[in-house]
Each structure stands twice: as C-alpha cells, then as structure tokens.
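Undergrad: Structure for this input, please:
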Amino acid sequence: MESFGAWSLLPPLLAIVLAIKTKQVYVALLLGIWIGWVIVAGGNILQGTFDTIEALVMVFDSPGNTRTIMFCALVGGLIVFMQRSGGVAGFIQVVNGWTQKYEEEDSSKNRIMVQLLASVTGILVFVESSISVLTVGTLYRPIFDKMKISREKLAYIADSSSAPACILIPLNAWGAFIMGLLAAQGFADPFQTMIKAAMVNFYAIFALLMVFVLILTQWDFGPMKRAEKRAREEGKLMNDDAIPMISDELTDIEVKNGIPIRARNMVVPIAVMVLMMPVMLAVTGWESAVLERPDQSFLGKFFFAIGRGSGSTAVLTAVVASLLFSMLFYKIQKLFNLGELVDMTMKGISGLIPLALLMLLAFGISDICREMETGPYVAGLASEFFSPALIPALVFVISAFIAFSTGTSWGTFAIMIAISVPMAQTMEAPVILTISAALGGGIFGDHCSPISDTTILSSMASASDHIDHVRTQLPYALLVGLISTVLYLILGYVYA
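TA: A predicted model of the protein is given here:
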C-alpha cells in the first residue's frame, strides 16, 4: 500500500473544517472522501470521482458496516413504537412521580434528578455504546424537553456516559475487540491486562466523573452555559438555526387514541434489546469458547464467548429481536393491527435514513484514511520524538488526534496498540499506562470529532443539531483531556 505522507491528512482535516464551518456534515464528509480518492488517483479528478462512488459502494462489502447501517435505520421503528404505544408518555409519568417531591421545593432539584437518572442509565447500558446513546436519548428527550433542559445537554450526557462506560466495563464488543488487539501483541492474559489498563484510563474515568460534577453543581461553562440559559429562560431547546439530527416525524409522534399510558410499552422493548446484546455476543463467540476453553464450566465459556462475539451481529440481532418482540407484545395488548405495526416500522426507518446515510459517509472517510495510511503516518512522525517518560502522554495525544481526524476510536485502538505496545516494551516504558493512554486518547478524540459515529448517534438520539453538540461538548472534553495528559506526564516520569 502506497504511503501519501502529509497528503493523507487532507481528507479528514478538510471534512472536519468544512463540517464545523458550514454545518453541512454530509457535504463535508463527501468532499473529504472525494479529495482523498483524487489524491490516490494521482490528481486525476475523473478517476477520483469514479473511485469515490465505488468506495461508497464497497462500504457494504464489510458485513460489520452493513449491519451497523441497518441497525441505525431499524432502530427508528423502535422509536416510533415506543411513542405511539404510549410507552414514552408512561415513562415520563413514572419519572415525574420519582421527582415530584422536588418540584415544590426547588425546580432545579428536579432537573438535577432527571439528569442524574439519564447519566446512570447510560452507564448501566454498557453492553454497547450505540445502544447506550440511543437508550438515553429516546427515554429522556421528552422529559428533558418538558423541563427545558437543552438538547445539547442531553446529547452531552448521552455521549459522555456511553463510550467511557463501555471501555471501563468491557464485558461487551469493546472488550472483545481490545482483547483481540492485546492477544495479537502476545499478552498471555489479555482480559487481565485490559482490566489493569481500565484502572488508569484517566480520560474515561474523569469524563464520567465530570458528567456528575456538572449535573450536581449545575456548573456549565462555554457554549453549554449559553445553551442551558437559552433553554431555561427562553424555552428554546435548540438554537434558532439548528437542524436536528433526526426527522421531525420521529420527535412529535402522538399516542394512538384510546391507548392507556403504560411505561412498560417502552421499558420492555428496550430491555429486550439490551439483554439480547450479551446473549448474541455469547452465541456468536460460542464456537471459539468451545475450541479454546474446552475444560471450563458453562459459565466460564459464556463469559469467554462474550469476549469473542461479533459486536455488529449482536447489535443488529438485538434490535430486530426487539422489533419483533414489540410487535407481539403490542398485538397481545390489542394496541395495533399488523398493518399499523408495519406502517410504523416503515415510518421509523424513513425517519432515520439521514442517519444511515451519514454512517455510510463516516465509514467512507474511515476507509480513505486507511487507504492513505493517515494513522500510521501521524504515529510514525511523532515516534521520532518519543522518550520513555513521555510515551504515555504522547500516545494519548497522538491517539486523540488520530481519532479526531478519522472519527473512529476503534480504528485508533487498532493503529496505536500495534505501534505503542512494542515501542513501550522496547524502550522499557510503562506498558499498562501506555495501553490505557492509547485507549483513553481514542475516546477523547472521538468525543471531539464531528465525524465520529458515536458523536453522530448522540446528536441523532437527542434530536440535537450535530455541530451544536460538538461545540458544546468540546470544552468539557478538552478540560478532561488536559487533566489526563498531565497525569500521564507525571506517572510517565514516576514509572519510567
């Protein structure tokens, strides 16, 4: 594969700058992909255009990509189901009941309680970051709207309580992926290594802590402070020129006439989706468990299989199972006939087609970055200045930049674990600290990047303007990133 040097930085940087400047994320991503393939084609614009089209088609060559895009579309059906069936309205009633005692004393306490519930929900749904984000956004958006909490704040809570929780509690596809990378580097017990790294994953730990600190102290700053003031004082959940990342058809669905308001019509479908995730991870990884751990008990094989399962298969199967179960669940209650269920599913899918398209383009920019070796170029350039004490901090910063530029934390993990672990071992730098820096840096960059799939999903689930979500979250992510960098510098010198 040919290396394009500094030219490899142009596609992601162009996409990021245009996305922030114009707020046209689709156009920005497409132009970033196009300029990349033009460079690969040696400046031939016509050939580069043909290659761009072909590259977008080839995104579907990856079963994982296809499953993720299908998941993004199908989850729209669940969103419609839960609103039309009265599940969301019922859940709002339940939460209002939990927080009712605070309303008479101080309305701010009510706001704090609901935000805390949203944060805890995001952490508890640690089986998959996409499900965590979508669960928080879907459940709490109507409640946040009622309490005049900005959509930007909901997107921040959903985003900052998903990936950090998934990487700190790695009994999920994240853990499986990371264990695979560590096993490839020769670690005899990748699970134990991963747990040790999680204990010093400063960005993930402090990102979660900051969510709770900001909620409890009501200390917002930067663009988020202005967004919260606008929502609280003017009742505007978004800026006047905001473009929500979800179709209006999915945010203003009324309960069907004559249907009783029941929280279970939302909680049960989501519970099915969440519970199916580890089950399907175990199913898809069971063959590996039988072959590699024949002497272990069933429970031992089960947890090992979770670590070897297919995340994309589990996610897609989980949402399909939840859709089918919901149809049966509502049919038993005689809420809808079959025609209505199918129509709602189609309505939900159509409302999330923009998200599916955005995911397609996000995969496309990732592919061209891989083709041009953007990540290895950045890592290789910076490796010339490494010293043992500086390795963890530098790995953290480089990982953040790669994730920011490419929009993928998992891609960053794959690049940086392969580069930084042998480097740390050779130079006798703290290996566990270096691994945690690579993982934490990937999450940091992902939180800052407007082309990150998790950031996109957070905007979608919260029905927030995507660029407004990025702008309001960025100062918080940068503060936590700065604290993490300082800690890696200090501990790097202590343990080097």
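
Undergrad: What is the subsequent helix or strand relative to the helix or strand encompassing residue 36?
TA: Under the criterion of DSSP states H and E, residue 36 resides in helix 25-40. For helix 25-40, the following helix or strand on the C-terminal side (DSSP H and E) is helix 45-58.

Undergrad: Next secondary structure element downstream of that following helix?
TA: helix 63-84.

Undergrad: Which positions in that next one come out as buried?
TA: Buried positions in helix 63-84, judged by neighbour count with 16 or more other C-beta atoms under 10 Å: 65-84. Placement of C-beta: from N, CA and C, glycine included.

Undergrad: again with stretch 264-279
TA: Buried residues in stretch 264-279, counted by 16+ other C-beta under 10 Å: 264-270, 272-274, 276-279.

Undergrad: Narrow those residues to those in helices?
TA: Cross-referencing the buried residues of stretch 264-279 against helices under DSSP state H gives 264-270, 272-274, 276-279.

Undergrad: And the furthest pair within the residues you listed?
TA: Pairwise distances across those peak at 23.6 Å for 265 and 278 (criterion: C-beta to C-beta).

Undergrad: show me where pLDDT drops low in the stretch 251-400 of the chain?
TA: Within the stretch 251-400 of the chain, the segments meeting pLDDT under 70 span 251-252, 307, 311-312, 355, 375, 378-386.

Undergrad: hey, where'd the strands end up in it?
TA: Counting by DSSP state E, counting those that start in this stretch, the stretch 251-400 of the chain has no strands to list.

Undergrad: Helices of that one, residue ranges please.
TA: Ranges of helices within the stretch 251-400 of the chain are 264-292, 298-308, 311-332, 338-351, 353-371, 374-383, 391-406, based on DSSP state H, counting those that start in this stretch.

Undergrad: which other helices and strands contact the last one?
TA: Put plainly, it is helix 391-406. Other elements packing on helix 391-406 under the criterion 3 or more C-beta pairs under 8 Å, 6 or more residues apart in numbering; DSSP states H and E are helix 10-22, helix 353-371, helix 374-383, helix 409-426, helix 431-448, helix 466-495.

Undergrad: let's see it at 6 Å
TA: In this structure, helix 391-406 packs against helix 374-383, helix 409-426, helix 431-448, helix 466-495, with contacts taken as 3 or more C-beta pairs under 6 Å, 6 or more residues apart in numbering; DSSP states H and E.

Undergrad: List the single closest residue to residue 199 in space, sequence neighbours excluded.
TA: Leaving out its chain neighbours, the residue that sits closest to residue 199 by C-beta to C-beta, 6 or more residues apart in numbering is residue 436, at 7.9 Å.

Undergrad: check contacts around that neighbour.
TA: Contacts for residue 436 (C-beta atoms under 6 Å, 6 or more residues apart in numbering) come out as 197, 200-201.

Undergrad: The same query, at a cut-off of 10 Å, please.
TA: Contacts for residue 436 (C-beta atoms under 10 Å, 6 or more residues apart in numbering) come out as 167, 194, 196-205, 392, 395-396, 430, 484, 488, 491.

Undergrad: so residue 427 sits right up against residue 394, yeah?
TA: No - using C-beta atoms under 10 Å, residue 427 is not in contact with residue 394, being 11.6 Å away.

Undergrad: distance of the residue nearest to residue 199 from residue 208?
TA: Going from residue 436 to residue 208 by C-beta to C-beta, to the nearest Å gives 15 Å.

Undergrad: wait, which of the buried residues of stretch 264-279 is closest to residue 408?
TA: Closest to residue 408, out of all of the buried residues of stretch 264-279 and judged by C-beta to C-beta, is residue 277, at 20.5 Å.

Undergrad: measure the closest one to residue 314 for me?
TA: 5 Å.

Undergrad: and if you look at residue 236?
TA: In this view, residue 236 and residue 314 are 39 Å apart by C-beta to C-beta.

Undergrad: same check, this time on residue 394
TA: Applying C-beta to C-beta to residue 394 and residue 314 gives a distance of 35 Å.

Undergrad: Give me the more crowded residue out of those two.
TA: Between residue 394 and residue 314, counted using other C-beta atoms under 10 Å, residue 314 has the larger neighbour count: 29 against 25.

Undergrad: Run a quick neighbour tally on the closest residue to the more buried one other than its chain neighbours.
TA: In this structure, residue 314 finds its nearest non-sequential neighbour in residue 280, 3.7 Å apart by C-beta to C-beta, 6+ apart. Residue 280 is flanked by 23 other residues according to other C-beta under 10 Å.

Undergrad: what comes up buried for stretch 43-63?
TA: Neighbour-count burial for stretch 43-63 [16+ other C-beta under 10 Å]: 48, 51-52, 55-56, 59.

Undergrad: Out of these, flag the one nearest to residue 445.
TA: residue 59 (21.7 Å).

Undergrad: show me what contacts the closest one?
TA: 65-66, 69, 359-364, 366-367.

Undergrad: before we move on, what about residue 209?
TA: So residue 209 contacts 164, 480 (C-beta under 10 Å, 6+ apart).

Undergrad: and it, what helix or strand is that in?
TA: helix 202-217.

Undergrad: got the angle between that helix and helix 466-495?
TA: Per axes from the mean of the first three to the mean of the last three C-alpha atoms, to 10 degrees, the angle that helix 202-217 makes with helix 466-495 is 120 degrees.

Undergrad: average pLDDT for helix 202-217?
TA: Mean pLDDT, helix 202-217: 94.

Undergrad: which of the residues in that helix are buried?
TA: Going by neighbour count (16+ other C-beta under 10 Å), the buried part of helix 202-217 is 202-208, 210-211, 214-215.

Undergrad: Just give me the closest of those to residue 143.
TA: Nearest to residue 143 among the buried residues of helix 202-217, with distances taken as C-beta to C-beta, is residue 215, at 14.2 Å.

Undergrad: which non-adjacent residue is nearest the closest one?
TA: In this structure, residue 215 finds its nearest non-sequential neighbour in residue 115, 4.4 Å apart by C-beta to C-beta, 6+ apart.

Undergrad: can you pull the contacts of that neighbour?
TA: Contacts for residue 115 (C-beta under 10 Å, 6+ apart) come out as 140, 143-144, 147, 149, 153-154, 157, 211-212, 214-216, 218.

Undergrad: Can you add distance to residue 3 and give those residues back as TSV?
TA: Output for the contacts of residue 115, formatted as TSV (distance: C-beta to C-beta, whole Å):
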residue	distance to residue 3
140	46
143	50
144	47
147	52
149	47
153	43
154	42
157	40
211	40
212	44
214	42
215	46
216	49
218	50
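
Undergrad: Wait, residue 225 touches residue 231, no?
TA: No - using C-beta under 10 Å, residue 225 is not in contact with residue 231, being 11.1 Å away.

Undergrad: so where is the stretch 51-200 of the chain shaky, pLDDT-wise?
TA: For the stretch 51-200 of the chain, applying pLDDT under 70 flags the ranges 92, 95-107, 127-128, 131, 171-173, 176-177, 180, 184, 188-189.
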